[in-house]
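*Asks:* pasting a predicted model and its sequence here:
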Amino acid sequence: MPDIVLAGGLVATAAGMVPADVRVSGTGVAAVGPDIDRERAEVVDCSGCWVGPGLVDPHVHLREPGQEWKEDIESGSRAAAAGGFTAVVAMPNTDPAIDAGHLARFVAERGRQVGLVEVVPAGCVTAGRSGQRLAHLDDLWAAGVRVFSDDGDGVADAGLLRRAMEYLGDLGGVVAQHAEDRGLAGGGQMHEGEISALLGLAGIPTAAEEVVVARDLAIARLTGGRYHVQHVSTAGTVALIRAAKAEGLAVTAEAAPHHLAFDHTAVRRTDPAFKMYPPLRAPEDVEAVRAALADGTIEMVGTDHAPHAAHEKDVPFEDAPRGVIGLETAVAAVLAAVDLGPHALFDRMAVAPARLAGLADHGRWVANGGPATLTVVDPAAEWTAERFHSRSANSPWRGQRLRGRARHVVLRGRFTLRDGVLQW
């Protein structure tokens with residue numbers, strides 16, 4: 001296989017963005033700099049583009065095993081590669097739930113068979129996500145799991161959460177929490193506010209998220225364990241995380257593109273494509289989450305890619321399942337919502353999530369001798385979100401004109417996306 005030279009782009013290095021060429025040889029980066037040797041290499045024009053570490057999504061739902069009519073690892077991998085990702089962390093709320101090592105190994109192996117992205121299984125905190133007893137944490141750890149979550153539900157039992165954080169803290173793992181109090185959120189369809197009142201829909205108050213985060217931070221303080229807040233949606237949660245970081249707690253957080261892009265006024269049309277958990281919040285919450293991502297209080301973007309089949313979403317808003325897809329639109333959505341700049345974009349969408357998931361060969365700034373796992377983003381590309389590689393199309397961006405997307409993706413020295421076309 002000939003070497004590849006990604007030529008003429010702005011390259012994301014540890015020192016910042018620099019105009020340079022990147023030569024890929026085998027599975028590694030052989031050279032970074034101006035006017036590097038192009039002899040016996042395939043030259044790929046990256047003019048006007050940003051070249052950085054391959055994007056990593058810390059929060060996706062690939063639905064396999066058990067719900068393959070919504071998505072499977074193959075279709076989800078296609079969507080991820082098309083969106084610029086080289087690795088994704090697959091949530092364990094499958095059927096059966098990923099609560100034991102052999103199930104985690106199955107998910108990882110299916111990802112390797114497809115070969116478009118590295119599929120990294122998250123493991124359950126509790127057995128079967130039932131909230132009754134701990135999952136086989138040691139078995140999951142031996143299978144390579146480093147992120148543990150009952151995502152789709154929160155861990156309501158504070159004693160169980162404490163034991164999980166103590167055990168995983170000793171190993172170096174992280175508990176990722178779907179922060180939602182069932183008592184406060186139960187029966188809710190959208191954010192509790194003037195729009196829910198206008199539509200006559202049961203609302204979910206911001207306190208449903210914030211009381212869980214406040215409790216969990218107290219447990220993190222007690223245990224010293226690592227704690228990650230999934231899909232932050234409220235200004236109150238941002239304030240809690242900011243204070244916890246100032247205190248020195250080992251807390252991280254993610255924001256979903258839809259919580260950066262839309263507020264609860266988008267639900268006026270009662271389009272189920274705008275129904276998700278947590279719900280779209282008030283404009284002041286959106287601004288707080290945007291600001292937190294910009295200043296690093298929220299370190300990373302997680303799409304919470306949640307596919308549902310057309311027949312499941314094509315029902316009245318109240319009856320529709322919660323969740324939207326987001327892998328293929330993530331780059332454009334983040335660029336439009338937050339003025340990060342290219343270096344911060346790669347930090348929030350590659351470096352930080354790779355660190356969370358313990359992925360040594362992903363999320364590394366481009367450098368001589370580093371891994372040839374790279375994403376080339378064209379920030380000026382204009383396109384319409386019409387057809388998706390995902391098996392599902394429940395996207396709030398469907399039909400919208402977007403700006404910015406991945407042009408090329410290289411995984412361990414091999415193109416998985418070239419000129420916007422998947423490479424199998």
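*Replies:* Perfect, thanks for sending it.
*Asks:* quick one, what contacts Val289?
*Replies:* Taking Cβ atoms under 8 Å, 6 or more residues apart in numbering, we find Val289 in contact with Val232, Ser233, Thr234, Ala235, Val238, Ala255, His259, Leu260, Ile298. Bear in mind the C-beta positions are built from the backbone N, C-alpha and C, glycine included.
*Asks:* kindly report the same for Leu340.
*Replies:* With Cβ under 8 Å, 6+ apart, Leu340 has these contacts: Leu293, Ala294, Val334, Arg348.
*Asks:* in helices, which of those fall?
*Replies:* Leu293, Ala294, Val334 (DSSP state H).
*Asks:* sorry, back to before: which one of the contacts of Val289 is nearest Thr206?
*Replies:* Nearest to Thr206 among the contacts of Val289 is Thr234, at 4.1 Å by Cβ to Cβ.
*Asks:* that closest one touches Asp285, doesn't it?
*Replies:* Yes: if you go by Cβ atoms under 8 Å, Thr234 and Asp285 touch, sitting 4.9 Å apart.
*Asks:* shared neighbours, the two?
*Replies:* Thr206.
*Asks:* what distance do you get for Ala41 to Ala31?
*Replies:* Shown here: Ala41 relative to Ala31, a distance of 10 Å by Cβ to Cβ, to the nearest Å.
*Asks:* got any residues that touch both of those two?
*Replies:* The contact sets of Ala41 and Ala31 overlap at Arg23 (Cβ under 8 Å, 6+ apart).
*Asks:* so which residues of the stretch 101-250 of the chain form strands?
*Replies:* In the stretch 101-250 of the chain, the segments counted as strands under DSSP state E, counting those that start in this stretch are 118-121, 147-148, 174-177, 190-191, 203-204, 226-229.
*Asks:* let me know which of those is tucked in deepest.
*Replies:* Most buried of these, by mean neighbour count (mean count of other Cβ atoms under 10 Å): strand 147-148, with a mean of 29.
*Asks:* picking up where we left off before, can you tell me which of the ones in helices among the contacts of Leu340 lies nearest to Ala81?
*Replies:* Checking the ones in helices among the contacts of Leu340 one by one against Ala81 (Cβ to Cβ), the nearest turns out to be Val334, at 17.7 Å.
*Asks:* give me the neighbour count for that closest one.
*Replies:* Neighbour count of Val334, defined by other Cβ atoms under 10 Å: 23.
*Asks:* tally of neighbours for Leu7?
*Replies:* One correction, residue 7 is Ala, not Leu. 19.
*Asks:* again with Phe415
*Replies:* Neighbours of Phe415 (other Cβ under 10 Å): 18.
*Asks:* that one sits in which helix or strand?
*Replies:* For Phe415, the enclosing helix or strand under DSSP states H and E is strand 414-418.
*Asks:* following element in sequence after that strand, please.
*Replies:* Taking DSSP H and E, what comes next after strand 414-418 is strand 421-422.
*Asks:* contacting residues around the helix or strand encompassing Pro353?
*Replies:* According to DSSP H and E, Pro353 maps onto helix 352-357. Residues from elsewhere that reach helix 352-357 (Cβ under 8 Å, 6+ apart): 53, 56-58, 87, 89, 120, 146-147, 174, 228, 252, 254, 299-302, 362-364.
*Asks:* same thing with stretch 191-208?
*Replies:* So stretch 191-208 is contacted by 180-181, 184-185, 187-190, 233-237, 264-265, 267-268, 270, 278-282, 285, 317-318 (Cβ under 8 Å, 6+ apart).
*Asks:* pLDDT averaged over that stretch - what is it?
*Replies:* Averaged across stretch 191-208, the pLDDT comes to 98.
*Asks:* tell me the buried residues in that stretch?
*Replies:* Residues of stretch 191-208 classed as buried by neighbour count (16 or more other Cβ atoms under 10 Å): His191, Glu192, Gly193, Ile195, Ser196, Leu199, Leu201, Gly203, Ile204, Pro205, Thr206, Ala208.
*Asks:* then stretch 364-383?
*Replies:* 364-366, 370-379, 381, 383.
*Asks:* report the two of these separated the most.
*Replies:* Going by Cβ to Cβ, the pair spanning the buried residues of stretch 364-383 furthest: Gly370 and Trp383, at 29.7 Å.
*Asks:* quick one on the thing from earlier: out of the contacts of Leu340, which is most surrounded?
*Replies:* Result: Leu293 is most packed of the contacts of Leu340 (other Cβ under 10 Å), 26 neighbours.
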